[in-house]
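# here's a sequence, model it:
(2 chains)
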Amino acid sequence: MNDINLNEIEIKWQKYWQENNCHDINLSFPKNKFYNLSMFSYPSGDKLHIGHWFNYGPADTFARFKKMQGYKVFQPQGFDAFGLPAENYAIKHGVHPAVSTKANVKKMKEQLLRIGAMYDWKNEVNTSSPDYYKWTQWLFLKLHEMGLAYQKVSPVNWCPSCATVLANEQVKEGTCDRCHSEVTKRSLKQWFFKITEYADELLSELDKLNWPAKTIHMQRNWIGKSVGAKIIFDIHGFDETIEVFTTRSDTIYGATYMVLAPEHELVDIIVTDDYKGDIRKYKLSTKKMSEIDRSSADREKTGTFTGAYAVNPFTNEKVQIWISDYVLASYGTGAIMAVPSGDERDFQFAQKYNLPIIEVVSPDGKPHGADQCFSDYGISLNSGEYSGQPSQEVITSINMELERREIGGAKVQFKLHDWLISRQRYWGAPIPVIHCDDCGAVPVSFDDLPILLPEDIKLSETYGEDLSPLATNDEFINAPCPKCGKPAQRDADTMDTFVCSSWYYLRYPNAGYEGGPFDNNKMDWLPVDQYIGGAEHATMHLLYARFVTKVLRDAGYLSFGEPFTNLFHQGTITRDGAKMSKSKGNTVSPDEYVDKHGADIFRTYLMFMGPYEDGGDWTDTGIVGIERFYYKGLKLIRKQVDGELNQKDQYIIHYTIKSVTHDLENKKFNTAISRLMEYANHFISYETISQEVKNTFVLLLAPFMPHIAEEMWQIIGNEPSVFNTDWPVHVEAMIKVSTCKIALQVNGKLRGTIEVDAGISNDDLLTESRNIDNIKKYLDGKTIVKEIVVPKRLVNFVVR
RNA sequence: GCCGAGGUGGUGAAAUUGGUAGACACAAGGGACUUAAAAUCCCUCGGAAUUUUAUUCCAUGCGAGUUCGAUUCUCGCCCUCGGUACCA
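Take a look at the predicted model:
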């Protein structure tokens, strides 16, 4: 039986596909195009693991299905080759990152080839290649030209272990997304991309996307739009003012004190002599606290009075100004008006420090006492002329009043921050900027790109000294100012790798193009029709890519604003319940399975394990089931051709076509494979079968087991390639059944079944049902209250 | 804490979204073939009871509800997994 060596036919058909250019498409003609993209891989020294296969195998099955349906499928592959883990790997092994990355890419590509996917390797992309990062630098210059790239000094996230700053998106629960070390704050001058400029569009266009709901939800929360008002408070005895953001300007009559973040710039200006010591102590203790501790919401609130007072512009009362770490410097203005009667946090704080509490909103507008907090909308009270009005109306009125008095007005606030893209690391695209004493930060000319990453660099010695490795290379760092020609210095930082991956999908259709980052003639291949990859990128890569697409659209390069029309997240394959990772040493290599069972069996097993979006815990116990199914299929297609198709056979054929097509369309690979097993189980008992049974089986199997299907296609007497054959279409009339099995219930309990003519009338069905012995038994001596008939399904007698 | 998703046999899972719960597989047990093993094939396989080729009861995390009928809808609990972390 096992006379076919799967590893041999893998090579055989891969060679055939390559020699016959089976996976090449004419990218100049996007008619009927289908751009099927999987997230590219990251060669950090890990080999290809099961997770990669779980992404790429099923994605290729989907691609092949689309191809057979007549689409021109473009499925590229490449490497996200710059980045910190690759650099760390190189340091650990004492090699240059360029060398180790090249070796790792080579190894990974060999492993990728074994999948036998329809990749268009002619358009391979490698983000660490100068041909590519030249255009990453071009992207930076474009953003700079548009005023969307800027430098500023600000407190930024610093990962001591990675020795670099991180963007907000790369900090998870106060720790580094990569190495999970605790992140600290540092004040540094860094480059930012103005993603906040696109916050509104990034939010509103989410509705147009066919994306997983949870991903849209996560992006929505991450962007964090709040509609409210800005209010300016005068400080008693100073020229300075405090600006706050609030979503509840209607509660201003209850603003009985103010709180500044300890880092707020006004703190040192307004603090009175008596309180200087306390304030200094408090600021110091805040600074010492880790981000994790500080952000824990259930911690008891602490704070210190500054000695200064502000004036509530509506009550004209003097209110104390405090500082507390429950006010975050990074959100809004870093200052709040505190309304203890309407905000749980302010309430706790006011109680602890005996600050006044005035009730300003209640459900019915009547006083209920200031010993509790009510944070919902309701009716105002103790609010001057606004008392008695509903909260929403008061908000509108107060905002108008703020505007009239020029002390604020309606404002929208976002949680989203600008994207910090500088990295104090070596293995990335150099930032194409030269710093001149006279001219400041001057972007290099487009003509001078790429700014090559120098090879001669001492790596491990430079970390932890605030020094980017590139700063140690004099030859690289010294350059004349592009503006005035005086000696100046290059920016020593490199770009976040998420900049590299924010536009790679644009490069694929024209990977070798030298006239620009992408050839406008090829951009009709975009947007990506189907993107498949992990959910962990929800608020990083997937957000950045949307932003960059919108920027390039506004720059006139693209005619669309969303890069990924359809997105799907495959689930995570875990091992004993834990995520697989190299550090935990619980990764599973696909290689041994591919050697032993063959690529097709292995990938089909991955798809059979369960729903694609669920992933699951890894176990190889079921793989023999797929192997047996393959043997059964082989036996089936080797049967003598003859055999007539009876009605039942026709039904099976067309029902299977219909369900497999439907399931593939929805990426329900597991149930599609089950249907194929049923198909094989039905026909395996026949002595002889018709050619149609064989052809249909192989065609439906092809997206799952591409090499095997090609071999089978040939065995049953067809010309390769099976993928040039049209996907079968079911005939609805063949699925029409002449009889059906009806469930018989009495009071909702199953009491039997009968086989009846499909066209039977309800009356006849009821009559027949009543004559079934076991039904009679339950109806005898009872009154039938109701008779329910669900056509072709069931009959239910309700008796009393 | 808040926001999502989920909880079905020994295991992975199905169930046309309110209509015969457990398809398809794995594991297990029994049998055939074999000197033997592997492979293959056949049978059994949620639990319990009985008059055991059948019938009845129980069963989709737990408890209520709506309904002729609930894995599916509603409410309240209990777990598991993701996301988020005082966002004013």
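
# hey, let's count contacts and neighbours off CA atoms from now on
OK.

# any idea how far whichever residue of the stretch 301-450 of chain A sits closest to RNA strand B is from A:F349?
Here the stretch 301-450 of chain A gets closest to RNA strand B at one residue, A:V327, 3.4 Å apart by CA to the nearest atom of the strand. Distance from A:V327 to A:F349, counting by CA to CA, to the nearest Å: 11 Å.

# so what's the one residue sitting closest to the centre of chain A closest to, chain neighbours aside?
Central residue of chain A (CA atoms, centre = their mean): A:A538, 2.4 Å from the mean position. Closest residue to A:A538 apart from its sequence neighbours, by CA to CA, 6 or more residues apart in numbering: A:T215 at 5.6 Å.

# element containing the one you found?
helix A:213-223 (DSSP states H and E).

# what do you get for A:V594?
Counting by DSSP H and E, the element that carries A:V594 is helix A:591-597.

# and that helix, what does it pack against?
helix A:599-608 (3 or more CA pairs under 8 Å, 6 or more residues apart in numbering; DSSP states H and E).

# just the CA atoms of the helix it packs on, as CSV, please.
Written as CSV, here are the backbone C-alpha positions of helix A:599-608 (Å, rounded to 0.1, in the frame of the first residue of the first chain):
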residue,chain,number,x,y,z
ALA,A,599,4.4,17.8,4.4
ASP,A,600,0.8,17.2,3.2
ILE,A,601,-0.2,14.8,6.0
PHE,A,602,1.3,17.2,8.6
ARG,A,603,-0.4,20.3,7.3
THR,A,604,-3.7,18.5,6.9
TYR,A,605,-3.4,17.3,10.5
LEU,A,606,-2.8,20.8,11.7
MET,A,607,-6.1,21.9,9.9
PHE,A,608,-8.0,18.9,11.2
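
# pLDDT on that helix, on average?
When pLDDT is averaged over helix A:599-608, the result is 96.

# cool, stretch A:36-56 as well?
The average pLDDT within stretch A:36-56 is 91.

# and it with RNA strand B, contact?
No. If you take CA under 7 Å from any atom of the strand as the test, stretch A:36-56 misses RNA strand B, and the best it gets is 13.8 Å.

# how far is that stretch from where the chain is centred?
Its chain's C-alpha centre and that of stretch A:36-56 lie 15 Å apart, by CA atoms, centre = their mean, to the nearest Å.

# could you point out which element follows the least confident helix or strand in chain A by mean pLDDT?
Ranked by mean pLDDT, DSSP states H and E, the weakest helix or strand in chain A is helix A:291-295, scoring a mean of 70. Once helix A:291-295 ends, the next helix or strand along the chain (criterion: DSSP H and E) is strand A:304-311.

# give me the residues contacting that next one.
Contacts to strand A:304-311, defined as CA atoms under 8 Å, 6 or more residues apart in numbering, come from residues A:233-236, A:258, A:267, A:270-272, A:274-276, A:278-279, A:282, A:317-324.

# just the C-alphas of it, formatted as PDB.
Extracted in PDB, the C-alpha atoms of strand A:304-311 (Å, rounded to 0.1, in the frame of the first residue of the first chain):
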ATOM      1  CA  THR A 304       0.600  66.000  48.700                       C
ATOM      2  CA  PHE A 305      -0.800  69.500  48.900                       C
ATOM      3  CA  THR A 306       1.300  72.100  47.000                       C
ATOM      4  CA  GLY A 307       0.200  75.000  49.100                       C
ATOM      5  CA  ALA A 308      -1.200  76.700  46.000                       C
ATOM      6  CA  TYR A 309      -4.800  77.400  45.100                       C
ATOM      7  CA  ALA A 310      -6.700  77.500  41.800                       C
ATOM      8  CA  VAL A 311     -10.000  79.300  41.200                       C
END
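
# is the helix holding A:V594 anywhere near RNA strand B?
No. Helix A:591-597 lies out of reach of RNA strand B by CA under 7 Å from any atom of the strand, never closer than 12.7 Å.

# ok, and for that helix, which residues are buried?
Residues A:591, A:593-594, A:597 are the ones in helix A:591-597 that count as buried (16 or more other CA atoms under 10 Å).

# which single residue in chain A comes nearest to RNA strand B?
Closest point on chain A to RNA strand B, by CA to the nearest atom of the strand, is A:T246, at 2.6 Å.

# need the contact list for A:Q190.
Taking CA under 8 Å, 6+ apart, one finds A:151-154, A:420-422 in contact with A:Q190.

# my read is it is in a strand, agree?
Yes. Counting by DSSP: H, G, I helix; E, B strand; the rest coil, one finds A:Q190 located in a strand.

# now A:K301: closest residue in space, sequence neighbours ignored.
Nearest one to A:K301, counting by CA to CA, 6+ apart, is A:F349 at 6.2 Å.

# please identify which helix or strand holds that neighbour.
A:F349 belongs to helix A:344-353, assigned by DSSP H and E.

# gap between the helix or strand following that helix and the chain center?
Toward the C-terminus, helix A:344-353 is succeeded by strand A:361-362 as the next helix or strand (DSSP H and E). When distances are taken as CA atoms, centre = their mean, strand A:361-362 is centred 41 Å away from the chain's centroid.

# helices and strands around strand A:361-362, which ones?
Packing partners of strand A:361-362 (3+ CA pairs under 8 Å, 6+ apart): strand A:379-380.

# keeping just the C-alphas, turn the helix or strand where A:W13 lies into CSV.
For A:W13, the host element (DSSP H and E) is helix A:6-19. C-alpha atoms of helix A:6-19 as CSV (Å, rounded to 0.1, in the frame of the first residue of the first chain):
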residue,chain,number,x,y,z
LEU,A,6,5.9,11.2,0.2
ASN,A,7,9.1,13.0,0.6
GLU,A,8,10.1,12.0,-3.0
ILE,A,9,6.8,13.2,-4.5
GLU,A,10,7.1,16.5,-2.6
ILE,A,11,10.4,17.1,-4.4
LYS,A,12,9.0,15.8,-7.7
TRP,A,13,6.0,18.2,-7.7
GLN,A,14,7.8,21.2,-6.3
LYS,A,15,10.2,20.8,-9.1
TYR,A,16,7.4,20.5,-11.6
TRP,A,17,5.7,23.6,-10.3
GLN,A,18,8.9,25.5,-10.4
GLU,A,19,9.9,24.4,-13.9
